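Asks: show me how the following folds:
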Amino acid sequence: MMTDALGWRKKFGVLAPSTNTIVEPDFHTMAVPGVTSHMSRIHVRDQDLSSDEKMVRLLEQLNNEILFAVDRVMTAGVNYLVMGMSAETFWDGLEGNKAFVKWLEDYSGLKLASGAMACQAALEAFKLNKIAVITPYQAIADQMVTRFFHDIGVEVVRLQGLRCPTAISIAEVSESTLRQHLQKIDGDDIEAIVQVGTNLSMLRLADEAERWLGKPVIAINAATWWYALRQNDIKDRVYGCGRLLREF
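Replies: Residues are numbered from 1 along each chain as shown. Okay, here's the model as predicted:
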């Protein structure tokens, strides 16, 4: 059987909003030999996130466009799908995530890694269940994130939502701002910090923060990539991107 010259182990089809500028370079940073990732962008016409209602409207846009993105990336002969967006995967809690994953898997005929599933698997790997969470979202999405973790038996002790006004502005949050929020939500009453929102740049900072906070800091892009690799029996270790990819 002929194999792809570069993706001879796996070709991942990555589904991400057209506004996202972080997940693609993050996934390339974590690349391992023989595994390639191929971006398919979900068209976002109105990127306003300035209220709960507008955030819901943006997610509705993504739902209406996502199957077109699946169709496009399938033409590359990918053999696994990876969600490069996270809010949709937390929506309506654990059952909502399961329904979302089943919808795309049934449509594509491929297995899929979602951010919510990846966070669950990461926390199970570390054997942790008391966390703080940082998100770029509005309140309604923060509630959905909290609901998902509650459904899997994980207590969200604190949550910091950044209320980013547009989809693009998420990628403009500085490392120094994120560092301040990490220090603010840390405490002796939590075992880990989880960051969600794939357009929030946390890959390098999370790796560094684990050293000065002395606990796991799970960046959603690192968790999703780790989960996709391990679900495909690819056990390569990646360094500089957090303990999850280095140790599990």
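Asks: any stretches of this protein with poor pLDDT?
Replies: In the predicted model, the chain carries pLDDT under 70 at residues 1.
Asks: got the residue ranges for the helices in it?
Replies: Along the chain, counting by DSSP state H, helices occupy 23-29, 52-74, 87-90, 93-108, 115-126, 139-151, 175-185, 203-213, 220-231, 243-247.
Asks: elements contacting the last one?
Replies: Under the contact criterion of 3 or more Cβ pairs under 8 Å, 6 or more residues apart in numbering; DSSP states H and E, helix 243-247 touches helix 115-126, helix 220-231. (C-beta placed from N, C-alpha, C; glycine too.)
Asks: check the fourth one too.
Replies: Packed against helix 93-108 by the contact rule (3+ Cβ pairs under 8 Å, 6+ apart) you find helix 52-74, strand 80-83, helix 87-90, strand 112-113, helix 115-126, helix 139-151.
Asks: again, 10 Å this time
Replies: In terms of contacts (3 or more Cβ pairs under 10 Å, 6 or more residues apart in numbering; DSSP states H and E), helix 93-108 is packed against strand 10-17, helix 52-74, strand 80-83, helix 87-90, strand 112-113, helix 115-126, helix 139-151.
Asks: for it, buried residues please.
Replies: For helix 93-108, burial by neighbour count (16 or more other Cβ atoms under 10 Å) applies to 93, 94, 96, 97, 100, 101, 104, 108.
Asks: how far does it sit from the chain's center?
Replies: Put simply, helix 93-108 sits 15 Å off its chain's centre (Cα atoms, centre = their mean, to the nearest Å).
Asks: hmm, who's touching that helix?
Replies: Helix 93-108 is contacted by residues 13, 15, 63, 66-67, 70-71, 73-74, 78, 80-81, 83, 88-92, 110-117, 119-120, 143-153 when judged by Cβ atoms under 10 Å, 6 or more residues apart in numbering.
Asks: before we move on, the earlier item: adding distance to residue 227 and mean neighbour count as columns, could you present the helices and strands packed on helix 93-108 in JSON lines?
Replies: What follows is the helices and strands packed on helix 93-108, written out as JSON lines (distance: least, Cβ to Cβ, whole Å; neighbours: other Cβ atoms under 10 Å):
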{"stretch": "strand 10-17", "distance to residue 227": "11", "mean neighbour count": "24"}
{"stretch": "helix 52-74", "distance to residue 227": "18", "mean neighbour count": "17"}
{"stretch": "strand 80-83", "distance to residue 227": "9", "mean neighbour count": "25"}
{"stretch": "helix 87-90", "distance to residue 227": "11", "mean neighbour count": "26"}
{"stretch": "strand 112-113", "distance to residue 227": "5", "mean neighbour count": "24"}
{"stretch": "helix 115-126", "distance to residue 227": "4", "mean neighbour count": "23"}
{"stretch": "helix 139-151", "distance to residue 227": "15", "mean neighbour count": "20"}
